[in-house]
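> quick check, what structure comes out for this input:
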Amino acid sequence: MKSKKTKFNRKNQVFTSVAIILATLGLTYAPIPGLQQTVVVVSGTELQEPLQKLEAKFEQENPNIKLELKFQGSQEMVNNYVDQKNDFKAAVLIPANGEILAELSDRLRATNNTNPFYDSPTPIAKTLLVAIAWPQRGKVLFPDGRFQWQKVEQAMQASNWGKVGGANDWGSFDFVTTDPTRSNSGQVTLNLWTQAKLGANINQNSFNNPSVQSLFGLVKKSVYQPPRSTDILLQEFIARGPNDADVATVYESIALYRWQQSTANQGKPYQIYYLNPTSESIATAAIVRRDVDNSTANAARKFLEFLTQPAQQEILVQYGFRPVNNAVDLKTVPNSPWTQNIPGAEVKPTVQTIPPPNTQIIREIQRVWERAN
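Predicted coordinates:
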């Protein structure tokens, strides 16, 4: 009897030990009720698809942190945050470039003289502003293969392809860009165009020039109802096709990523043209202080650190972005768009790169755009 009892007790001890181990593992890998942090991340739409892919991976590696992703145009993001128009409490903002965060900081400091961010903003990914055009139209407008703002302006003034060397049945010339009051790419487009128009470096006073104001009116008439974000613009460009959308300015990242989609929808994919000069936009993240406690800020830091690691940077490259982590090579990343022979795409384009517009110039661009007829 004693032997049977001993065996029974040993079995109980084994089962108890196994149960303790399993419980410990459960506590390690499962979220603890009441301790899970929710981090609301608001990003520009250009990052929507890669962030959605990375969300599941991050939550798997950090089971006590839940991400809630929101997507808005970069300027719209700042305006909504400053005016408290969102129905959620953002912890992280990731507009298309760091200058927009500088604008946000200036606007918030004007009413509350404190730093609105927990830490210095963190660069996440880089891209360039490029132009795209359907092949036949691109050959007519840019016969030497180089994009020229003057050619686009002349086509807009002529309004009809037949007047600029195209076929009469191509109809009207349609240029598309995003709304500069809501989107970074629209602001960068008008900044570069203004510089090309005046043939010199510009400042905030440059926008008082009558020729610049006339240009803004011409562009505003051409785009009519500009999309609020760059990715929305590109999807509409692909869906509309030639005769409804001819030339557009977009980020290199989404132009590369959606190139195959244009092949499927329109038979012939669009051509990419590098602007010279162009502007590099660096998607930059900031952890905001308003309505964000230290615990949530720490969880947000883990997410930003996660995004800049090589494995995640490689995923961003697959979506057409250039990495901020120098350990990542565009040509060796699996499924890199730079190895897919996309027309016009270059690993190292031989163009001048200038900074995106600063806060003062952004304000002038918005002012002149809103007043343009």
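
> so who does Lys66 touch?
Pro31, Gln36, Gln37, Thr38, Val39, Glu59 (CB atoms under 8 Å, 6 or more residues apart in numbering). Placement of C-beta: from N, CA and C, glycine included.

> switch these over to TSV; also include secondary structure, neighbour count and distance to Asn115.
Formatted as TSV, the contacts of Lys66 follow (DSSP: H, G, I helix; E, B strand; the rest coil; neighbours: other CB atoms under 10 Å; distance: CB to CB, whole Å):
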residue	secondary structure	neighbour count	distance to Asn115
Pro31	coil	15	32
Gln36	coil	14	28
Gln37	strand	19	22
Thr38	strand	13	24
Val39	strand	25	20
Glu59	helix	15	29
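
> which one of those residues sits closest to Asn184?
Val39 (22.9 Å; CB to CB).

> identify the bridge partners of the closest one.
Leu67 (DSSP bridges).

> wait, it touches Ala300, no?
Yes - the criterion here is CB atoms under 8 Å, and Val39 meets it with Ala300 at 5.0 Å.

> max pairwise distance over the contacts of Lys66: which two?
When the contacts of Lys66 are compared pair by pair using CB to CB, the maximum separation belongs to Pro31 and Val39, at 13.5 Å.

> still on that earlier bit, dump the contacts of Lys66 to TSV, plus pLDDT and distance to Gly166.
Listed next are the contacts of Lys66 as TSV, based on pLDDT from 0 to 100; distance: CB to CB, whole Å:
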residue	pLDDT	distance to Gly166
Pro31	47	59
Gln36	84	58
Gln37	93	56
Thr38	97	53
Val39	98	50
Glu59	97	51
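
> could I get the full set of helices for the protein?
2-29, 48-61, 74-82, 98-111, 135-141, 149-158, 184-198, 210-223, 230-240, 252-257, 259-266, 294-307, 310-318, 359-371 (DSSP state H).

> would you map out the domains in this protein?
Split into domains by automatic domain parsing, the chain comes to 37-124+283-323, 127-281+340-371.

> now these as a markdown table including distance to Asp329?
Converted to a markdown table, the domains of the chain look like this (distance: least, CB to CB, whole Å):
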| stretch | distance to Asp329 |
| --- | --- |
| domain 37-124+283-323 | 8 |
| domain 127-281+340-371 | 9 |
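
> out of those, flag the one nearest Lys331.
Per CB to CB, nearest to Lys331 of the domains of the chain: domain 127-281+340-371, 6.4 Å.

> hmm, back to that, intersection of neighbour lists for Val39 and Ala300?
Common neighbours of Val39 and Ala300 (CB under 8 Å, 6+ apart) are Ala91, Val92.

> give the burial count for the residue nearest to Glu364 when sequence neighbours are not counted, as a bare number.
Residue nearest to Glu364 in three dimensions, not counting chain neighbours: Phe207, with 4.2 Å by CB to CB, 6 or more residues apart in numbering. Under the neighbour criterion other CB atoms under 10 Å, Phe207 is assigned a count of 22.

> contact partners for Phe207?
Residues near Phe207 by CB under 8 Å, 6+ apart: Thr194, Gln213, Ile361, Glu364, Ile365, Arg367, Val368.

> ok, so of those, who is nearest Pro242?
Comparing the contacts of Phe207 against Pro242 with CB to CB picks out Thr194 as the nearest, at 28.1 Å.

> look up the pLDDT of that closest one for me, please.
Thr194 is assigned a pLDDT of 97 by the prediction.

> state the distance from it to Ile365.
Applying CB to CB, to the nearest Å, the value for Thr194 to Ile365 is 8 Å.

> repeat that for Pro226.
13 Å.

> joint contacts of these two?
Common neighbours of Pro226 and Ile365 (CB under 8 Å, 6+ apart) are Pro180.

> show me which of these two is the more surrounded one.
Each of Pro226 and Ile365 has its neighbours counted (other CB under 10 Å); Ile365 has more, 24 against 20.

> contacts only, for the more buried one.
Pro180, Gln187, Leu190, Asn191, Thr194, Phe207, Pro357 are the contacts of Ile365 under CB under 8 Å, 6+ apart.

> just Ile238 next, same as before
Arg258, Gln261, Ser262, Asn265, Gln266, Tyr270.

> okay, and for the stretch 51-200 of the chain, where does confidence drop off?
Filtered on pLDDT under 70, the stretch 51-200 of the chain yields no residues whatsoever.
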